[in-house]
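Student: Pasting a predicted model and its sequence here:
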Amino acid sequence: MEAIWQTIKNLTILNIPVRIIFFIVLVLIATLALKQLLTTIVIKRIEAATRNTKTTLDDQLITVIKEPIAWFIYLLGFRVIQLILTDYISPQFNQTITGIISLAIVGNITLIIYRTSPIVGGFLRILSAQTDTELDDIISPYIPKLLRLTAIVIFALKAGEVLLGASATAIFGLIGGFGLSLGLLFKDVIVDWVATIVIYTDALYRVNDWLLLPSGLKCTVQHIGIRSTTIYIPDEGVTQKIPNSKMIDGSIKSFSQQPIENKTGAFMSYIKIDGISSKKIAHIRDKIREIPKSIDILYDSCSVRFEGCQGNARVIRVIGFTNDLKNYSSAYDQLKQILSH
């Protein structure tokens, strides 16, 4: 009997003792049992607990992570088997197995990130709907794409390290140089993105605000995008897209963000009068100051100044004011029409 036992102890398959193979079989059985226990008991209980919730995000999350968790259990079993076989396999083969297992673990984690990105996007949309700011409404659709890209990059780095034999530091350096080149190439795009954040965080302007462009034209804000702002110019009847980086350079003025109780719009006009003596300028200025009183949507007072001479003509600058910003263009037209007579 003892001889039979010694024979069994010394029996090997592929130079691996039978007792070691027996332990490996036990590990495989334990791995399968643990996986079955997790999926049939733990996961089902969690699903039952979340069945009565109002949102479906938790159900989607459980569905997404169920399979990767099972893979984690399998990888744990493979890792234990590797440790058991360490003394019976070559160091090079052992290192290869370690790399494959680590790649599988990273791949499993990135798979979870990739698959949960739509769920994170849905959760962010729910949160952004409860806030007053519009910046989160613009950024939230891009978060799932960013998570997916991050997952792909992480897996690619690990795959390069395992399969190509390159270190993560060297790969990071390569990607960093490539990223710097892309950054220089898309510098204007990045500047516009940063400008969008400044517009929202500092509340420089909002949709439906009245703005004064450097050209002197008045416009309303139609839409604030991730890279540009769409404006409507009523005097020309056209819409125009302006890069957000130009919208924060200080050249754009706002009529709408004045004190609520005293919002005022101003417009400037010049009058050139030929063949008039300087003695009559004061009389003409007094008559011009009376004009706003005849226009209901203008303030009764206006600024009238003598600007000098251009050839034989006397130049007078007139600045009118109104608090009816919706009829700003109409007020300007009425004042301009009266002054032209």
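Tutor: Looks like it arrived, so ask away. Since this is a predicted model, take the numbers as computed values, not measurements.
Student: list the contacts for residue 205?
Tutor: Counting by Cβ atoms under 8 Å, 6 or more residues apart in numbering, residue 205 touches 199, 211, 221, 224, 247, 252, 254, 256, 257. Quick note: C-beta positions are derived from backbone N, CA and C, even for glycine.
Student: I'd like the distance from stretch 222-237 to the chain centre, please.
Tutor: 20 Å (Cα atoms, centre = their mean, to the nearest Å).
Student: And it, what's buried?
Tutor: 224, 227, 228, 229, 230, 231, 233 (16 or more other Cβ atoms under 10 Å).
Student: Between all of the residues you listed, which two are separated the most?
Tutor: 227 and 233 (19.8 Å; Cβ to Cβ).
Student: can you redo the buried residues of stretch 222-237 as a markdown table with distance to residue 62, secondary structure and pLDDT?
Tutor: A markdown table is the format used below for the buried residues of stretch 222-237 (distance: Cβ to Cβ, whole Å; DSSP: H, G, I helix; E, B strand; the rest coil; pLDDT from 0 to 100):
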| residue | distance to residue 62 | secondary structure | pLDDT |
| --- | --- | --- | --- |
| 224 | 38 | strand | 86 |
| 227 | 38 | coil | 82 |
| 228 | 41 | strand | 87 |
| 229 | 42 | strand | 89 |
| 230 | 42 | strand | 90 |
| 231 | 47 | strand | 90 |
| 233 | 53 | strand | 84 |
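Student: What sits closest to residue 247 if chain neighbours are left out?
Tutor: residue 229 (5.3 Å; Cβ to Cβ, 6 or more residues apart in numbering).
Student: Show the contacting residues for the one you found.
Tutor: So residue 229 contacts 199, 221, 223, 241, 242, 244, 247 (Cβ under 8 Å, 6+ apart).
Student: how about a cut-off of 7 Å?
Tutor: By Cβ atoms under 7 Å, 6 or more residues apart in numbering, residue 229 lies in contact with 221, 242, 244, 247.
Student: Return the distance of the closest residue to the third one other than its chain neighbours relative to residue 246.
Tutor: In this case it means residue 244. Spatial nearest neighbour of residue 244, excluding adjacent residues (Cβ to Cβ, 6+ apart): residue 195 at 3.8 Å. Using Cβ to Cβ, to the nearest Å, we find residue 195 at a distance of 8 Å from residue 246.
Student: more crowded one of the two?
Tutor: More neighbours surround residue 195 than the other of residue 195 and residue 246, with 21 against 15 (other Cβ atoms under 10 Å).
Student: Which strands or helices does the one helix or strand the more buried one maps to pack on?
Tutor: Assigned by DSSP states H and E, residue 195 belongs to helix 187-201. Applying 3 or more Cβ pairs under 7 Å, 6 or more residues apart in numbering; DSSP states H and E, we find helix 187-201 packed against helix 135-139, helix 244-247.
Student: Which of those has the lowest mean pLDDT?
Tutor: Averaging pLDDT over each of the helices and strands packed on helix 187-201 singles out helix 135-139 as the lowest, with a mean of 63.
Student: Tell me the first helix or strand C-terminal of that one.
Tutor: helix 142-163.
Student: by how many degrees do that next one and helix 187-201 diverge?
Tutor: Between helix 142-163 and helix 187-201, the angle comes out at 140 degrees (axes from the mean of the first three to the mean of the last three Cα atoms, to 10 degrees).
Student: per-residue confidence averaged over helix 142-163?
Tutor: On average, helix 142-163 scores 81.
Student: Please apply the same query to stretch 294-302.
Tutor: Mean predicted lDDT for stretch 294-302 stands at 68.
Student: Helices of the stretch 201-341 of the chain, start to end?
Tutor: Counting by DSSP state H, counting those that start in this stretch, the stretch 201-341 of the chain has helices at residues 244-247, 281-289, 328-340.
Student: chain center to the second one: distance?
Tutor: Chain-centre distance of helix 281-289: 56 Å, with Cα atoms, centre = their mean.
Student: buried set for that helix?
Tutor: Neighbour count says helix 281-289 has 284, 288 buried, by 16+ other Cβ under 10 Å.
Student: export that helix as CSV, just CAs?
Tutor: C-alpha atoms of helix 281-289 as CSV (Å, rounded to 0.1, in the frame of the first residue of the first chain):
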residue,chain,number,x,y,z
ILE,A,281,-24.1,126.4,-32.3
ALA,A,282,-25.4,127.0,-28.8
HIS,A,283,-28.9,127.7,-30.0
ILE,A,284,-28.9,124.5,-32.1
ARG,A,285,-27.7,122.5,-29.2
ASP,A,286,-30.5,123.7,-27.0
LYS,A,287,-33.1,122.8,-29.7
ILE,A,288,-31.5,119.3,-30.1
ARG,A,289,-31.8,118.7,-26.3
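Student: That helix packs against which elements?
Tutor: So helix 281-289, by 3+ Cβ pairs under 7 Å, 6+ apart, packs with strand 303-310, strand 313-322.
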